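K.L.:
Below is the structure, and that's it, no one-letter string:
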């Protein structure tokens, strides 16, 4: 609970009562939120003490008679403000109660990437493709004899079809699979290494943050729906 000390004299300006009644307190019971303030008037509160009021132990203290201060609860006030309503409305995510909310909520990027690779493996196997372990760390799986990189993105910024596939490198793989996940839909496409050379690799506008200046050949497809050069999975 956020609290701030204010003078009794200024209470009417805030529409506040000099005392705060605890919701659980019996009729007539008052929760004291007073503090001892430094006798030199420097505004530094001294250590408060607990007092037994209305059947509960509460954080209370006395005050200097000429400088009466109270501590007031601002939480309920903030909850009534328009900005708080805006914050609350933002909690209504497009992912709420969706088919793939559980995948989106995987907290670790590494774990999410691993789950994405397993997803592609099981999906391709269910479609009759042969999927085996990678031959080295430059790709994720070998599918039908092709060394294959896998990139998975959930849609960004609460907008459908707004995927960002990151950390695309020029490494040892033949093909790359792109998975785009909306709250209730999954899309899967693929591309050849030659497709990447023509559209991504070497294109300065597609370099990711570390990119050329960071000493890495690192690219991404940012905030995008399906690319025109993506291929249908049925043609893999």
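P.N.:
Perfect, I can see it now. Remember, predicted model here, so these are calculated numbers, not experimental data. Numbers count the residues shown, from 1 in each chain.
K.L.:
which parts of stretch 130-149 are buried?
P.N.:
131, 134, 139, 140, 141, 142, 143, 146, 147, 148, 149 (16 or more other C-beta atoms under 10 Å). Where you see a C-beta, it was placed from the backbone N, CA and C, and this is true even at glycine.
K.L.:
Can you tell me the SS state at the second one?
P.N.:
To tie it back to what came earlier, the one meant is residue 134. coil (DSSP: H, G, I helix; E, B strand; the rest coil).
K.L.:
Please report how far it lies from residue 82.
P.N.:
For residue 134, the distance to residue 82 equals 53 Å [C-beta to C-beta, to the nearest Å].
K.L.:
longest helix of this structure?
P.N.:
helix 109-126 (DSSP state H).
K.L.:
Give me the residues contacting that one.
P.N.:
If you take C-beta atoms under 8 Å, 6 or more residues apart in numbering as the criterion, helix 109-126 is touched by 103, 106, 131, 140, 141, 143, 150, 152, 177, 179, 188, 236.
K.L.:
Inside strands: which ones of those residues?
P.N.:
Members of the contacts of helix 109-126 lying in strands (criterion: DSSP state E): 131, 141, 143, 150, 152, 177, 179, 188.
K.L.:
Show the contacting residues for the second one.
P.N.:
Spelled out, it's residue 141. Contacts of residue 141 (C-beta under 8 Å, 6+ apart): 117, 120, 121, 131, 132, 133, 134, 148, 150.
K.L.:
so what's it bridging to?
P.N.:
Going by DSSP bridges, residue 141 is paired in beta bridges with residue 148.
K.L.:
separation between it and residue 93?
P.N.:
31 Å.
K.L.:
circling back to that earlier point, show me which pair in the buried residues of stretch 130-149 is furthest apart.
P.N.:
Within the buried residues of stretch 130-149, 131 and 149 form the most distant pair, 13.5 Å apart (C-beta to C-beta).
K.L.:
ok, back up a step: mean confidence (pLDDT) on the longest helix of the chain, please.
P.N.:
Mean pLDDT, computed over helix 109-126, is 96.
K.L.:
Also stretch 220-235?
P.N.:
Per-residue scores along stretch 220-235 average to 91.
K.L.:
mind starting the numbering at 40 from now?
P.N.:
I'll keep to 40 as the first residue from here, and by that count the last item is stretch 259-274.
K.L.:
What residues sit buried inside it?
P.N.:
259, 260, 269, 270, 272.
K.L.:
So for stretch 212-229, what gets flagged as buried?
P.N.:
212, 214-222, 227-229.
K.L.:
Let me have the contacts of helix 148-165 in a markdown table, extended by distance to residue 265.
P.N.:
Formatted as a markdown table, those follow (distance: C-beta to C-beta, whole Å):
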| residue | distance to residue 265 |
| --- | --- |
| 142 | 20 |
| 145 | 24 |
| 170 | 23 |
| 179 | 21 |
| 180 | 22 |
| 182 | 20 |
| 189 | 17 |
| 191 | 15 |
| 216 | 13 |
| 218 | 12 |
| 227 | 10 |
| 275 | 16 |
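K.L.:
Tell me which two in those residues are the farthest apart.
P.N.:
So, the contacts of helix 148-165 by C-beta to C-beta: farthest apart are 145 and 275, at 25.8 Å.
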